[in-house]
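Undergrad: Predicted model, plus sequence, below.
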Amino acid sequence: MPIAPEAGSSGAEQDLLQLLTPEGRRASDQVFGAYAEELSADRLRQFYRDMALARRFDQEATALQRQGELAMWVPLVGQEAAQVGSVRATQPEDYIFPTYREHAVAMARGINPAQLLSLFRGISHGGWDPRENNFHLYTLVLAAQTLHAVGYAMGMQRDKAAGQLEDSAVVAYFGDGSSSEGDVHESMVFAASFQAPVVFFCQNNQWAISVPFSVQSRVPLANRAAAYGFPGLRVDGNDVLAVYAATQWALEHARSGKGPVLIEAVTYRLGAHTTADDPSKYRGNAEEESWRLRDPLLRLEKLLRAEGHADQAFFEGLKLEDDQLAIQLRHDVLAMKAPDLRASFASVYAEQHPLIAEELAWLEEYEAGFTAEGEQS
């Protein structure tokens, strides 16, 4: 069972939980295998559909940014299994705190993909109401969401004690780079101290922008959980079955009042950190190609075909759905209208502020200096 050793132990490297090999064959595990075995053919097809749509969405968003329609984009390619496997283990009443790359999680939670892009187009601070899907707004401040997640989970505890809430938990997503932030340490201290029902889900994609994981940590991230006094699981993040099983176990642990769990999903960022990044400057093609052989979509496709859960018609139909998603997404983005910038000035303070009024006056004077053709007079 790949659970971190108790606090005070040697902290030796854990085994990596894997229930689906890169060749698409099932692997067994005495503790977690049952979670994967109970999955129906419909659920397995749902996992694949989630991953395929998220990847197509990501490709179209990257193209939109390259064409100047988005200010920036944060790709997720390669991390689809980590996101889909984890979110599909949650229940609707569980609350999710994402970072800024959880596009597959958002889509599985019912967020309109175009709403995600309004943020990256620069016309919205968020784009959706978190209360509708229990999915918080993206967090652009690195690691801040882990503190928010623990506070929310502690609130859940109190609501449950008052009889106002059934068993539920929080999932906080973050990356290996964020794990070096003090916010993550502080959030885990509080979560452990108060036995908060929160699952810390770290997508270890091997690179904190240009800093490799080997520089960030000398031990697997999951080992850190032992120091805080709660379990840590280390899972193959490109294996959607293993991720689902680990997250299901962790959520049951948290909901039952046993406290937090840390999951380290070992995956890989196949693309750039953002569209402002050039990964060829700090890593080689050989590394990327070795991880492409572990592609999470190809792995599940092999299983679906081998076990007779999906035929060619399924994959062809999904390809049409992918293309329709891209067409609709492009239409929605190009139809987006920028809000009046004056509304932003009006929402900074509850009451009028002299500095804000001065800056607004400068903007209006600046805009008045342009001709109808857009040239400054």
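TA: Arrived safely.
Undergrad: Quick one: mean pLDDT for the lengthiest helix in the chain?
TA: Ranked by residue count under DSSP state H, the longest helix found in the chain is helix 41-66. Helix 41-66 carries an average pLDDT of 98.
Undergrad: Check stretch 269-281 too.
TA: For stretch 269-281, the mean pLDDT works out to 96.
Undergrad: One more: stretch 183-190?
TA: Rounded mean pLDDT across stretch 183-190 is 98.
Undergrad: bridging residues for the closest residue to residue 177 other than its chain neighbours?
TA: Residue nearest to residue 177 in three dimensions, not counting chain neighbours: residue 208, with 2.8 Å by CB to CB, 6 or more residues apart in numbering. (C-beta placed from N, C-alpha, C; glycine too.) Applying DSSP bridges to residue 208 gives these bridge partners: residue 211.
Undergrad: mind listing what residue 208 touches?
TA: By CB atoms under 8 Å, 6 or more residues apart in numbering, the residues touching residue 208 are 175-177, 180, 216.
Undergrad: neighbours around residue 108, how many?
TA: 25 (other CB atoms under 10 Å).
Undergrad: OK, contacts around it?
TA: Residue 108 touches 50, 83-84, 87-88, counting by CB under 8 Å, 6+ apart.
Undergrad: For the closest residue to residue 360 other than its chain neighbours, give its distance to residue 368.
TA: Nearest residue to residue 360, sequence neighbours excluded (CB to CB, 6+ apart): residue 345, at 4.6 Å. Per CB to CB, to the nearest Å, residue 345 is found 16 Å from residue 368.
Undergrad: And these two? Which one has more around it.
TA: residue 345 (18 against 8).
Undergrad: Can you tell me which helices and strands the helix or strand hosting that one packs against?
TA: Assigned by DSSP states H and E, residue 345 belongs to helix 341-346. Applying 3 or more CB pairs under 8 Å, 6 or more residues apart in numbering; DSSP states H and E, one finds that helix 341-346 contacts helix 354-368.
Undergrad: Would you mind writing the CA trace of the helix or strand containing residue 332 as CSV?
TA: Under the criterion of DSSP H and E, residue 332 resides in helix 312-334. Below are the C-alpha coordinates for helix 312-334, written out as CSV (Å, rounded to 0.1, in the frame of the first residue of the first chain):
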residue,chain,number,x,y,z
GLN,A,312,-13.9,2.3,-33.8
ALA,A,313,-17.3,4.0,-34.0
PHE,A,314,-16.8,5.4,-30.5
PHE,A,315,-13.5,6.9,-31.3
GLU,A,316,-14.6,8.4,-34.6
GLY,A,317,-17.7,9.9,-32.9
LEU,A,318,-15.6,11.4,-30.2
LYS,A,319,-13.3,12.9,-32.9
LEU,A,320,-16.4,14.7,-34.3
GLU,A,321,-17.3,15.9,-30.8
ASP,A,322,-13.8,17.2,-30.3
ASP,A,323,-14.0,19.2,-33.6
GLN,A,324,-17.4,20.6,-32.7
LEU,A,325,-16.0,21.7,-29.3
ALA,A,326,-13.2,23.6,-31.0
ILE,A,327,-15.5,25.3,-33.5
GLN,A,328,-17.9,26.4,-30.7
LEU,A,329,-15.1,27.6,-28.6
ARG,A,330,-13.6,29.7,-31.3
HIS,A,331,-17.0,31.2,-32.0
ASP,A,332,-17.6,32.0,-28.4
VAL,A,333,-14.2,33.6,-27.9
LEU,A,334,-14.4,35.8,-30.9
